[in-house]
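>>> would you be able to build a 3D model of this:
(2 chains)
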Amino acid sequence: MKADKHNSKGFWDWFNPAGRDVGGWAFILNRISALGLAFYLYLHLFVLGKLAQGPEVFDQFIAAAKSPLYIAGELLVIAAALYHGLNGVRLVLNSFNIGVPRQKQMFYTALALTILGTLVFATRMFAG
Amino acid sequence: MWKITYRVHRQKGHEAPHYDTFQVEVDPEEYVLDGVEKIWAFEDRSLTFRHACHHSTCGACGMRVNGVEKLTCITKIKDVTQDGGTLTVEPLRNFPIVSDLVVDLGPLYRKMEAVQAPKVHPLSMAPWEGEDIRPPKEVPAPPEGGEYIRLPDCLECGICISACPVAASDPDYLGPAPLAAIQIQGLDGHPELLALADSQEGVWRCHSAFECSAVCPSNVDPGWRIMDLRKQVATQRLKTIIG
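The predicted structure follows:
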């Protein structure tokens, strides 16, 4: 008698890094950055909601947002947006069968540009 | 000779899965499947696994070795562990487990039938367009004219489905091997396959993880083929729009 259920963890297998190749890592990072950005969108709407609570409440939040912890959080958003956008370009090109044999190099390029871009933003944000 | 530990996935019927360990003496030049057969022959006759040709033609012995999909008859032990090391052997993912290391590949076979995957095809249809795939050089024409017939590269081993993260969450997704079979036939010559390719569970379901190409033991390069099939589908759509 065989087990009817598929031998998989479903949705959770998206994030399982075990045994994955470069393309799999790109996929996992794409998923995580997408979920992070979606979460940030709700967080952003929550923050904007503070405007409705009056200028004092919003000013308090803006003061808190200048702390290194908030800046680090914003850097994560920037890194996620950069990676998701750049990897998106890679995927669009691949979908038109452009550069598929070089998809690994394209991923490394997207990752390098993400790290570089995040460092540039980090330098400016922590300095200012 | 090496002494290594095989950590083998065991599961009968609806029992909860567990792992059994076996100490096996092997030649490092032997293949992972050889070790599994030694366990069956000398340690535990209740161990079930699939195998047939032992030379990567039948596609029966696909398993996960240390978490990575491998055709175990061509995976040398020295390439996946070391003397005194451990080899974890598990069944393929994304298929129902029949027993121990055996999965039911029926869903894949039904999909291959649905896409009319060719059993043989002319040499001119040899899949050589992808990365590292090159045509055989200077193949002489058959003396009686016509064209040589060859087996397709795809072994229907299910390894690509096992490695695909999308197949993990969507059992209805056609998957890499069936989509590659459509691409090889070409939508120009087989317009009846367009609806399957251009469907929710077809070519657009792929999320370009390229894990299928990374693990394919037969150089089919399904990831490249799915991307090429997308181009074919887009071309067909364009033809419909402009008449």
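>>> what's near enough to touch residue B:122?
By CB atoms under 8 Å, 6 or more residues apart in numbering or on different chains, the contact set of residue B:122 is B:147-150. (Each C-beta comes from the backbone N, C-alpha and C, glycine too.)
>>> nope, residue B:30 is what I meant
Per CB under 8 Å, 6+ apart, neighbours of residue B:30: B:76-77.
>>> distance-wise, check it relative to residue B:111.
34 Å (CB to CB, to the nearest Å).
>>> is chain B contacted by stretch A:90-97?
Yes - judged by CB under 8 Å from any CB of the partner chain, stretch A:90-97 comes into contact with chain B at A:91, A:94-97.
>>> for the longest helix belonging to chain B, buried residues please.
In chain B, taking DSSP state H as the definition, the longest helix is helix B:222-242. Going by neighbour count (16 or more other CB atoms under 10 Å in any protein chain shown), the buried part of helix B:222-242 is B:222-233, B:236.
>>> show me how far stretch B:63-82 is from its chain's centre.
Average the C-alpha atoms of stretch B:63-82, do the same for its chain, and the two points are 14 Å apart (CA atoms, centre = their mean, to the nearest Å).
>>> phi and psi next, for the residue of chain B found nearest chain A.
In chain B, the residue that lies nearest chain A is residue B:210 (3.1 Å; CB to the nearest CB). Residue B:210 has phi and psi values of phi 60, psi 20 when expressed as degrees, to the nearest 10.
>>> so which helix or strand takes in the residue lying closest to it once chain neighbours are set aside?
Of all residues not flanking residue B:210 in the chain, residue A:23 sits nearest, at 3.1 Å (CB to CB, 6 or more residues apart in numbering or on different chains). Taking DSSP states H and E as the criterion, residue A:23 maps to helix A:22-48.
>>> then residue B:112?
helix B:106-114.
>>> export that helix as PDB, just CAs?
C-alpha atoms of helix B:106-114 as PDB (Å, rounded to 0.1, in the frame of the first residue of the first chain):
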ATOM      1  CA  GLY B 106       2.700   7.400 -12.400                       C
ATOM      2  CA  PRO B 107       1.900  11.100 -12.300                       C
ATOM      3  CA  LEU B 108       5.000  11.900 -14.400                       C
ATOM      4  CA  TYR B 109       4.200   9.100 -16.900                       C
ATOM      5  CA  ARG B 110       0.600  10.300 -17.300                       C
ATOM      6  CA  LYS B 111       1.900  13.800 -18.000                       C
ATOM      7  CA  MET B 112       4.400  12.500 -20.500                       C
ATOM      8  CA  GLU B 113       1.600  10.700 -22.300                       C
ATOM      9  CA  ALA B 114      -0.500  13.800 -22.300                       C
END
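>>> in contact with residue 95, which residues?
Just so you know, I chose chain A. B:208, B:227, B:230.
>>> to clarify, I was referring to chain B.
The contact partners of residue B:95, by CB under 8 Å, 6+ apart, come to A:6-7, B:103-105, B:107-108, B:158, B:161-162.
>>> most neighbours of all the residues you listed, which one?
residue B:161 (31 neighbours; other CB atoms under 10 Å in any protein chain shown).
>>> any idea where the helices of chain A begin and end?
Counting by DSSP H, the helices of chain A are A:22-48, A:55-64, A:68-95, A:103-127.
>>> many thanks, I have nothing further to ask.
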